[in-house]
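Asker: Just to be clear, the model below is a prediction. Sequence and coordinates:
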Amino acid sequence: MTLLSVNLNAVAQLRNRRNLPWPSVTGIARVVLDAGASGITIHPRPDERHIRRTDVFELSALLRADYPQAEFNIEGYPSEDFLDLIEMVNPEQVTLVPDDPAQATSDHGWDFLGKGNFLTSVVQRLKREDRRISLFCDPDAGPAGVAAAKATGADRIELFTGPYGACYEDPTRAEAELAALAGTCQAALDIGLGVNAGHDLTLENLPAFQTAVPGVAEASIGHGITADALMMGFAEATRRYIAVLA
Ligand SMILES: CC(=O)[C@@H](O)[C@H](O)COP(=O)(O)O
Ligand SMILES: NCC(=O)COP(=O)(O)O
């Protein structure tokens, strides 16, 4: 079974349209956790386009107080500010992504071979506390890529599923993307790395992914579940994603 971690970036982005406190990021976190989500994911970007620093601390307080079983997964580029924030908040999982501050969204994984020394130093710093470290990984990283990822000391990779999400309605391209994802996933599992997945996953494209890429521990999903929640509400959307991931 793949656990669901709901990414609240899109909720925060909707809230930021006005200088008003709704929709409430912590309020939606309560809804999805009460509906059975295993955790909350956020990606506090430097420009605070969606998740703000205040959201990070409010969500941390909510999970510690009312949802001690839930996991907090914070994603981001390991800048000094980001690492300081992680050490203050101490989430259960940190997902490191190679994003430039100006990027529109996360659109590639790490160059594990070229950035191995940098990532190793970051992972060693973050592992001083008992945190799980996950590294954003291109679908075609393959055995050499995941071996380099493991050499950093990280616990998991997160398969970047954006390319699959973009082509899942094209059977030929989707088959090739799923084959790459499955190969990298199995290569990681074979050397004792855990595997997460995320980006542009939806109710429509998840069934084929789950069949082709077994062994994924956690899927972090935000944009798609938010779109579905606008139609059916976050509680029902959460229940449906959990059912598809089961
Ligand atoms: C790492 C990843 O693929 C997403 O979790 C990322 O958080 C998306 O960022 P935006 O929500 O800013 O597009
Ligand atoms: N790591 C992926 C994530 O947290 C959410 O990505 P998306 O579903 O918003 O594309």
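Answerer: Here it is on my side, so go on. Ligands and ions are numbered 1, 2, ... in the order given.

Asker: which bits of this protein sit near ligand 1?
Answerer: 7, 9, 43, 45, 75, 97, 105-106, 136, 198-199, 220, 222 (CB under 6 Å from any ligand atom). For the C-beta atoms, the positions are set from N, CA and C on the backbone; glycine is no exception.

Asker: Filter the residues you listed down to the ones in helices?
Answerer: Taking DSSP state H, the ones among the residues of the chain next to ligand 1 that sit in helices are residue 9.

Asker: Considering only the residues of the chain next to ligand 1, which also neighbour ligand 2?
Answerer: Restricting the residues of the chain next to ligand 1 to contacts with ligand 2 (CB under 6 Å from any ligand atom) yields 7, 75, 198, 199, 220, 222.

Asker: Only the buried subset of these, as a PyMOL command please.
Answerer: Here is the PyMOL selection string for the buried members of those, based on 16 or more other CB atoms under 10 Å:
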select buried, resi 7+75+198+199+220+222
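
Asker: Out of the ones next to ligand 2 among the residues of the chain next to ligand 1, which is nearest to residue 175?
Answerer: Using CB to CB, residue 199 comes nearest to residue 175 of these, at 18.9 Å.

Asker: pLDDT at that closest one, what is it?
Answerer: pLDDT, residue 199: 98.

Asker: That one against residue 161, yeah?
Answerer: Yes - using CB atoms under 8 Å, residue 199 is in contact with residue 161, at 5.1 Å.

Asker: Now for the most centrally placed residue in the chain: which residues touch it?
Answerer: When CA atoms, centre = their mean is applied to the chain, the residue found nearest the centroid is residue 220 (4.2 Å). Going by CB atoms under 8 Å, 6 or more residues apart in numbering, residue 220 touches 5, 6, 7, 41, 73, 75, 95, 158, 196, 197, 198.

Asker: what's the most distant pair in these?
Answerer: 6 and 158 (15.1 Å).

Asker: Where do the helices of the chain begin and end?
Answerer: 9-15, 25-34, 53-66, 80-89, 116-126, 142-151, 162-167, 171-190, 206-212, 223-232, 234-245.

Asker: any chance of those helices in a markdown table, with mean pLDDT and mean neighbour count too?
Answerer: What follows is the helices of the chain, written out as a markdown table (pLDDT from 0 to 100; neighbours: other CB atoms under 10 Å):
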| stretch | mean pLDDT | mean neighbour count |
| --- | --- | --- |
| helix 9-15 | 98 | 20 |
| helix 25-34 | 99 | 20 |
| helix 53-66 | 98 | 16 |
| helix 80-89 | 98 | 15 |
| helix 116-126 | 97 | 16 |
| helix 142-151 | 98 | 19 |
| helix 162-167 | 98 | 20 |
| helix 171-190 | 98 | 18 |
| helix 206-212 | 98 | 17 |
| helix 223-232 | 98 | 17 |
| helix 234-245 | 98 | 19 |
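
Asker: In this structure, what residue lies closest to ligand 2?
Answerer: Residue nearest to ligand 2 within the chain (CB to the nearest ligand atom): residue 198, separated by 2.6 Å.

Asker: List the contacts of residue 71.
Answerer: 5, 38, 39, 40, 91, 92, 93 are the contacts of residue 71 under CB under 8 Å, 6+ apart.

Asker: and the second one, what does it touch?
Answerer: So that's residue 38. 3, 4, 5, 70, 71, 218 are the contacts of residue 38 under CB under 8 Å, 6+ apart.

Asker: please redo it, this time with the cut-off set to 6 Å
Answerer: 3, 4 (CB atoms under 6 Å, 6 or more residues apart in numbering).

Asker: do the same with residue 106
Answerer: Contacts of residue 106 (CB under 6 Å, 6+ apart): 97, 99.

Asker: How much space separates it from residue 54?
Answerer: Per CB to CB, to the nearest Å, residue 106 is found 22 Å from residue 54.
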